[in-house]
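[1] With the input below, show me the fold.
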Amino acid sequence: VQLVESGGGLVQAGGSLRLSCAASGRTSSIYVMGWFRQAPGKEREFVARTTRTGFSTYYSDSVKGRFTISMDNAKNTVYLQMNSLKPEDTAAYYCAAGASVAKYEYWGQGTQVSVSS
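    Coordinates of the predicted model:
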């Protein structure tokens, strides 16, 4: 499985961005897709995840109410709509996927999101 992210960029605080992550290859093995982020000098942290059924969607407390994750099963693509962005949201954002919520087996290369104050 290959994951390719897109949609990152530079935005002012309060602005919005939409990240996309398209999966290819053996996509039938994917049940969960999610987003993680890593800021300079910090550990990678969980942002949000969803499943093909859409019944198991979770967000980190830091993005809850501002970010929305969704999945298009037909396109094997997961999206992250990010609104009301803050400078502390600045990070490299990584898409991840796996067969269960307990383990993400596949990772994308990352896309940079920078939020200016």
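[2] Enumerate every residue touching Thr27.
    1, 76 (C-beta atoms under 8 Å, 6 or more residues apart in numbering). Quick note: C-beta positions are derived from backbone N, CA and C, even for glycine.
[3] Could you check how far it is from Thr50?
    Using C-beta to C-beta, to the nearest Å, Thr27 is found at 15 Å from Thr50.
[4] buried stuff in the host helix or strand of Thr50?
    Here Thr50, judged by DSSP states H and E, is contained in strand 45-51. Using 16 or more other C-beta atoms under 10 Å as the test for burial, strand 45-51 gives 46-51.
[5] In the sheet, which residues pair with the most centrally placed residue in the chain? Tell me.
    By C-alpha atoms, centre = their mean, the chain has its centre lying nearest to Trp35, at 2.7 Å. Beta-bridge pairing for Trp35 (DSSP bridges): Ala48, Cys95.
[6] That one against Gln81, yeah?
    No: using C-beta atoms under 8 Å, Trp35 is not in contact with Gln81, being 10.9 Å away.
[7] shared neighbours of these two, which are they?
    Residues touching both Trp35 and Gln81 (C-beta under 8 Å, 6+ apart) are Ile69.
[8] Extract the C-alpha trace of stretch 23-43 and format it as CSV.
    Output of stretch 23-43 as CSV, limited to C-alpha atoms (Å, rounded to 0.1, in the frame of the first residue of the first chain):
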residue,chain,number,x,y,z
ALA,A,23,-4.0,5.1,-1.0
SER,A,24,-3.0,2.8,-3.8
GLY,A,25,-2.0,-0.8,-4.1
ARG,A,26,-3.6,-3.5,-1.8
THR,A,27,-6.2,-1.1,-0.5
SER,A,28,-8.6,-3.9,0.4
SER,A,29,-6.4,-4.5,3.5
ILE,A,30,-7.1,-1.0,4.8
TYR,A,31,-9.7,-0.6,7.6
VAL,A,32,-8.5,2.5,9.4
MET,A,33,-6.9,5.7,8.1
GLY,A,34,-5.6,8.6,10.2
TRP,A,35,-3.5,11.6,10.5
PHE,A,36,-0.5,12.3,12.7
ARG,A,37,1.7,15.3,13.0
GLN,A,38,5.2,16.2,14.1
ALA,A,39,6.5,19.6,14.9
PRO,A,40,10.2,20.4,15.0
GLY,A,41,11.8,19.1,18.2
LYS,A,42,8.7,17.2,19.2
GLU,A,43,7.4,13.7,19.0
